[in-house]
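Q: sharing a sequence plus its predicted fold:
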Amino acid sequence: MAGTTRRYDTPPPQRRVPLDAFAAPFARFVRFEASSGILLLAAAVAAIVWVNSPGAGSYEAAWNNATVTVGLNQWSLTKPVVVWINDLLMALFFLLVGLEIKRELLRGELRSARRAALPIAGAIGGMAVPAALYAAINAGRPSIDGWGVPMATDIAFALGIMALLGTRAPLGLRVFLASLAIVDDLGALVVIALFYTERIDLQALGGAGVVLAVLAALGPLGVRRLLPYLALGLLLWLLVLKSGVHATIAGVALAATIPITSRIRAPDFIAFLRKATSDIEARGVSEAPADLSEAQRSVALAIEGATQRVESPLRRLEHALLPFVSFVIVPLFALANAGVAVRPDDLVAAGSSPIGIGIVVGLLAGKPLGVFGFSWLAVRLGVASLPEGVRWRHVLGAAFLSGIGFTMALFIGALAFSDPTDLARVKVAILGASLLAGAAGLGILATTRPPKGG
């Protein structure tokens, strides 16, 4: 996510069919870096318009009143649609987050202590300062439980806005923000597990521990097929759900067990490809749009199988989940959770309540202050350095973008507050603060000179 991978497109078809003309714009949109953020914003706007329209009652009916049953008889679960989204589908979101965290720790920017120091310092500040400001504003009130809400950063929105800036956002800055958001996600997961769990069923939790131990043993035993991991992962999710710990934690726990090593070494794969392509050429290649021969087709299938095996299970699962999470799960979550009335009285109530003030101050002031201040301190102490081409004004812009809380903030808000009035104030504050933080970050970076040679 944070690196630069060269894209290789498949060879063009011999002839185009009419459907290609319709599919091409969609394919370009999906490849655009900001596309998932755009779709997420559209879903949030749709939810707000829906709730403030004459058909507002249908919003509640669709997400909170309608139920879905999965299973048979005593082996079934019946929950409202919004709960299935927040507990099951968001577990896949957290599975993807967990895979990204593991990859960055073992293979990416967070592997090197020197390179990791800056985003880790920024993330710590970006979590601690907003939480402290919220807690100070809500001290002595029941609303203190919402201290975890302004800690979150929405990586899809933040990186999507940064992608719109082109060369004005140096590659090093994108890497910094992506790494910071990953550390931020890890911190949010710890907060959810430790502080937003109300009851514990020790028997179910013990069963989840046993399943997790089996999953952890699969990698050392050489299991590289994803099916055993996913089957046991579903059982893990059920047990975690029953235990009282939020079910999405199962996604992160599963991610930690997915192997990051492949079944074929890179030199062996390259040697195989050379031999396989030579075998195809030796059997004759025609310019005519004809099928490969039977022998050539068998070689092509062998290449396909080797290509799948050279990719680690972690990478395969990450690539499979990314489009589904980005273009289905997260927008669906926004549509089901972002609906909030924005009548003038509601806006005034949210803006004057300790909950709303704490969230706005936390996201709009605490996040930039914490990210920028702790990053500056890390560089000043000599434990970190700015990436190439990145100036402090860039860091300030990224610090404001980290104040876009949205997805994770809404998620924690739903865990922290059960009262509909409080939750409505949380949503208004998150949406308002995220919008202002995004505009501030965009303005700062758009007026920053691009790096030399950019």
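A: Structure received. Numbering: from 1, shown residues only.
Q: just the buried residues of the strand or helix carrying residue 233, please?
A: Here residue 233, judged by DSSP states H and E, is contained in helix 226-243. The neighbour-count check on helix 226-243 (16 or more other C-beta atoms under 10 Å) flags 226, 229, 232-233, 235-243 as buried. From N, CA and C alone the C-beta is placed, and that goes for glycine too.
Q: please state the offset of it from the chain centre?
A: Relative to its chain's centre, helix 226-243 lies at 20 Å (C-alpha atoms, centre = their mean, to the nearest Å).
Q: which elements pack onto that helix?
A: When contacts are defined as 3 or more C-beta pairs under 8 Å, 6 or more residues apart in numbering; DSSP states H and E, helix 226-243 sits against helix 202-218, helix 249-257, helix 313-324.
Q: please save the CA atoms from it in CSV.
A: The C-alpha coordinates for helix 226-243 follow below in CSV (Å, rounded to 0.1, in the frame of the first residue of the first chain):
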residue,chain,number,x,y,z
LEU,A,226,-6.0,-20.3,2.4
LEU,A,227,-9.0,-22.6,2.8
PRO,A,228,-8.0,-24.1,6.2
TYR,A,229,-7.2,-20.6,7.6
LEU,A,230,-10.5,-19.2,6.4
ALA,A,231,-12.6,-22.1,7.7
LEU,A,232,-10.9,-21.9,11.2
GLY,A,233,-11.1,-18.2,11.0
LEU,A,234,-14.9,-18.4,10.8
LEU,A,235,-15.0,-20.6,13.8
LEU,A,236,-12.7,-18.1,15.6
TRP,A,237,-15.1,-15.3,14.7
LEU,A,238,-18.1,-17.2,16.2
LEU,A,239,-16.2,-17.9,19.4
VAL,A,240,-14.9,-14.4,19.8
LEU,A,241,-18.4,-13.1,19.2
LYS,A,242,-19.8,-15.4,21.9
SER,A,243,-17.0,-14.4,24.3
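Q: that one - what's its average pLDDT?
A: The average pLDDT for helix 226-243 rounds to 93.
Q: before we move on, what about stretch 94-113?
A: On average, stretch 94-113 scores 82.
Q: next, the buried residues of it.
A: Within stretch 94-113, the residues scored as buried using 16+ other C-beta under 10 Å are 94-105, 108-110.
Q: restricted to helices, list those.
A: Among the buried residues of stretch 94-113, the members falling in helices (DSSP state H) are 94-105.
Q: most tightly packed of the helices and strands packed on helix 226-243?
A: Highest mean neighbour count among the helices and strands packed on helix 226-243 (mean count of other C-beta atoms under 10 Å): helix 249-257, with a mean of 24.
Q: now do that one: everything it contacts.
A: By C-beta atoms under 8 Å, 6 or more residues apart in numbering, the residues outside helix 249-257 that reach it are 90-99, 101-102, 189, 192-193, 208, 212, 215-216, 218-219, 229, 233, 236-237, 239-241, 314.
Q: equivalent analysis for stretch 114-123, please.
A: Identification of contacts with stretch 114-123 by C-beta under 8 Å, 6+ apart yields 109-110, 176-177, 179-184, 187, 370-372, 374-375, 377-379, 383-387, 395, 399, 402.
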